[in-house]
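**Student:** With the sequence up front, the predicted model follows.
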Number of protein chains: 2
Amino acid sequence: MSNRIITISREFGSGGRTVGKKVAEKLGIPCYDAELVQKIAEESGYAEEYIKEEGEYASGGWISTILSDRTNGLTNQDKIWNIQSRIITELAEKGSCVIVGRCADYVLKDKADCLTVFVHASLEKRAKRIVEEYGETDETPEQRIKDKDKRRDAYYRFYTDMKWGEARNYHLCLDSGELGIDKCVEIVAQLY
Amino acid sequence: MSNRIITISREFGSGGRTVGKKVAEKLGIPCYDAELVQKIAEESGYAEEYIKEEGEYASGGWISTILSDRTNGLTNQDKIWNIQSRIITELAEKGSCVIVGRCADYVLKDKADCLTVFVHASLEKRAKRIVEEYGETDETPEQRIKDKDKRRDAYYRFYTDMKWGEARNYHLCLDSGELGIDKCVEIVAQLY
């Protein structure tokens, strides 16, 4: 496989998705994020909203996923994991691209020529960003971030056996809050 | 303080020190590494070799450092920590520079305008590098690396209460084995 893939893992509110999109634009290659969710929805029959949650976060069916002995078959989350892993592999085979989230770094390990990136930022900067981006809710932005991070961390650890956000697991980690989104885009595109 | 400081934390054998030196050369600012050890030695009266170990690793006097209730005063490691923290702060006040290791990222937190960098590489790549750089010993390179990493991790955690090598603690983390030393130098210098 001679395609080059950029995988972007990101903390909620860090702007990692924006980094991914802008890098892809700059390099003239596709960026899979929402489109990936659509594809998984089509193949699995689950609703997109359900996949957004169950394909990246420990939520809803999580307790059954952890505790299940699978005697009654795979859990919903296992099924989504399998389908999204297959789709990610197919996309990487199809051509060079940017893939945001969904443990693509792990799925493509030893399968594709990847540049693996992790984007993070301080709680304060992320809180500011998510209010600007998604507006206010009943929960404080800090609560929303902590909850999302915790559930994403648990999901990542369960399916990959690796620690999410550990520098050693990525080729490049960037603090988008300190460096700025545009600098992050520049560096990732340059390393490609 | 208007000086700009680059702090480089690095895994043993990752070439982080070389990255620091080359960045400093490129930017025309000093790089403190061996010189820092000399200064600490002069002020503390301890031998340089002793400081190299006790100022970054959990070793020799470590058990007494952890278990001591300090009723008989500070442990040797505490004393070295205090002196090296003061010297690092003074160097940062004196002018822009690169500081390699010694938890400078933590020491200068909220005190200086820092770009904090963590350099790492796979065990395999580091093993190759340390044999090239330091030659063979009775222990395998993998054993030497694991031992050094473990003791540096314990030291960092004890004095800073932070996790060494966690992406969130740095503005930039680089896999020097995958990206190459020269690319790392380029990126750090560019972000300065």
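**Tutor:** Yes, it's here. Residues are numbered from 1 along each chain as shown, chains lettered A, B, ... in the order given.

**Student:** When you work out contacts or count neighbours from here on, use the C-alpha atoms and nothing else.
**Tutor:** OK.

**Student:** in chain A, what spans have low per-residue confidence?
**Tutor:** Low-confidence segments of chain A (pLDDT under 70): A:1, A:60-66, A:69.

**Student:** mind running it again at 50?
**Tutor:** Along chain A, segments meeting pLDDT under 50 span A:1.

**Student:** Name the residue most distant from the centre of it?
**Tutor:** A:T71 (29.5 Å; Cα atoms, centre = their mean).

**Student:** roughly how far is stretch A:168-176 from the heart of the chain?
**Tutor:** A distance of 14 Å separates the centroid of the chain from that of stretch A:168-176, by Cα atoms, centre = their mean, to the nearest Å.

**Student:** Contacts for it, please.
**Tutor:** Under the criterion Cα atoms under 8 Å, 6 or more residues apart in numbering or on different chains, residues A:14-16, A:115-122, A:162-163, A:167, A:184, B:120-122, B:165, B:167-168, B:170-175, B:178-179 lie in contact with stretch A:168-176.

**Student:** Output it as CSV - backbone C-alpha positions only.
**Tutor:** Extracted in CSV, the C-alpha atoms of stretch A:168-176 (Å, rounded to 0.1, in the frame of the first residue of the first chain):
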residue,chain,number,x,y,z
ARG,A,168,4.7,7.5,22.7
ASN,A,169,1.6,6.3,20.7
TYR,A,170,1.8,9.1,18.2
HIS,A,171,4.4,10.5,15.8
LEU,A,172,3.4,14.0,16.6
CYS,A,173,1.4,15.6,19.4
LEU,A,174,0.4,19.2,19.3
ASP,A,175,-1.1,21.7,21.8
SER,A,176,-3.5,23.5,19.5
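
**Student:** Can you show me the strands along chain A?
**Tutor:** For chain A, the strands defined by DSSP state E cover A:4-10, A:31-32, A:97-100, A:113-120, A:172-175.

**Student:** among those strands, which is the most enclosed?
**Tutor:** Between the strands of chain A, strand A:172-175 has the highest mean count of neighbours, a mean of 28, where neighbours are mean count of other Cα atoms under 10 Å in any protein chain shown.

**Student:** quick one: contacts for A:G20?
**Tutor:** Counted by Cα under 8 Å, 6+ apart, A:G20 has contacts A:8, A:31, A:98-100, A:185.

**Student:** just A:D105 next, same as before
**Tutor:** For A:D105, the contact set (Cα under 8 Å, 6+ apart) comprises A:7-9, A:114, A:116.

**Student:** Kindly recompute the last result at 7 Å.
**Tutor:** A:7, A:116 (Cα atoms under 7 Å, 6 or more residues apart in numbering or on different chains).

**Student:** For chain A, what lies in contact range of chain B?
**Tutor:** A:120, A:165-168, A:171-175, A:178 (Cα under 7 Å from any Cα of the partner chain).

**Student:** Widest-spaced pair of those?
**Tutor:** The most widely separated members of the residues of chain A next to chain B, counting by Cα to Cα, are A:R168 and A:E178 (20.4 Å).

**Student:** Quickly note the distance from the residue nearest the centre of chain A to B:K125.
**Tutor:** With distances taken as Cα atoms, centre = their mean, the residue of chain A nearest its centroid is A:G101 (1.2 Å). Distance of A:G101 to B:K125, given as Cα to Cα, to the nearest Å: 27 Å.

**Student:** Equivalent analysis for A:Y155, please.
**Tutor:** Taking Cα to Cα, one finds A:Y155 at 29 Å from B:K125.

**Student:** With neighbour numbers in mind, choose between the two.
**Tutor:** A:Y155 (24 against 15; other Cα atoms under 10 Å in any protein chain shown).

**Student:** how about the residue nearest to A:C31 when sequence neighbours are not counted, what does it touch?
**Tutor:** Spatial nearest neighbour of A:C31, excluding adjacent residues (Cα to Cα, 6 or more residues apart in numbering or on different chains): A:V98 at 4.5 Å. The contact partners of A:V98, by Cα under 7 Å, 6+ apart, come to A:5-7, A:20, A:24, A:30-32.
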